[in-house]
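Colleague: Here is a sequence together with a model predicted from it:
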Amino acid sequence: MRGLAMRFNGILRSGRSQALDEGIDDAVDTEFTAIMRFASVLRRDTDAVKNAIELPWSDGQAEGQINRLKMLKRAMYGRAGPELMRARMLPLNHRN
């Protein structure tokens, strides 16, 4: 199991997706259920996985901002109105 996990790690970090299909095939043929499930999920959207390996773009910044907003909404739920939420979302130097 460790060998397969390290192999996928190497494929993801290498920036080259040529070995991905072979790695997925080998993972599906193992007896490890977790690795088999992981490989079958990768196989469902191989093009997206290959693009994630090869292309330099990331949506990390957008996802981080969305996560921050959701955290603020959860923290404020039921406790305050829009004024307090606005005050928590805006930086200190933008307060009215």
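Modeller: Done, it's in.
Colleague: Which stretches in this structure count as strands?
Modeller: For the chain, strands defined by DSSP state E do not occur.
Colleague: How many neighbouring residues does Met1 have?
Modeller: 11 (other Cβ atoms under 10 Å). To be clear about C-beta, it is placed using only N, CA and C from the backbone, and glycine gets the same treatment.
Colleague: which residues touch it?
Modeller: Thr30, Phe32, Ala34, Ile35 (Cβ atoms under 8 Å, 6 or more residues apart in numbering).
Colleague: can I get those in CSV with neighbour count?
Modeller: Output for the contacts of Met1, formatted as CSV (neighbours: other Cβ atoms under 10 Å):
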residue, neighbour count
Thr30, 14
Phe32, 13
Ala34, 12
Ile35, 18
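Colleague: For the residues you listed, work out which two are farthest apart.
Modeller: For the contacts of Met1, the maximum inter-member distance is 9.7 Å, found between Thr30 and Ala34 (Cβ to Cβ).
Colleague: picking that back up, which of the contacts of Met1 fall within helices?
Modeller: Counting by DSSP state H, those place Ala34, Ile35 in helices.
Colleague: and which of the contacts of Met1 is nearest to Met71?
Modeller: Using Cβ to Cβ, the contacts of Met1 come closest to Met71 at Ala34, 29.4 Å.
Colleague: Okay, that closest one and Asn51: tell me how far apart.
Modeller: Distance of Ala34 to Asn51, computed by Cβ to Cβ, to the nearest Å: 25 Å.
Colleague: any idea how far Ala52 is from the residue nearest to the spatial centre of the chain?
Modeller: By Cα atoms, centre = their mean, the chain has its centre lying nearest to Gly60, at 8.2 Å. Computed as Cβ to Cβ, the Gly60 to Ala52 distance reads 12 Å.
Colleague: Mind giving me the packing neighbours of the lowest-mean-pLDDT helix or strand in the chain?
Modeller: Lowest mean confidence among the helices and strands of the chain (mean pLDDT, DSSP states H and E): helix 82-89, at a mean of 72. Judged by 3 or more Cβ pairs under 8 Å, 6 or more residues apart in numbering; DSSP states H and E, the packing partners of helix 82-89 are helix 60-76.
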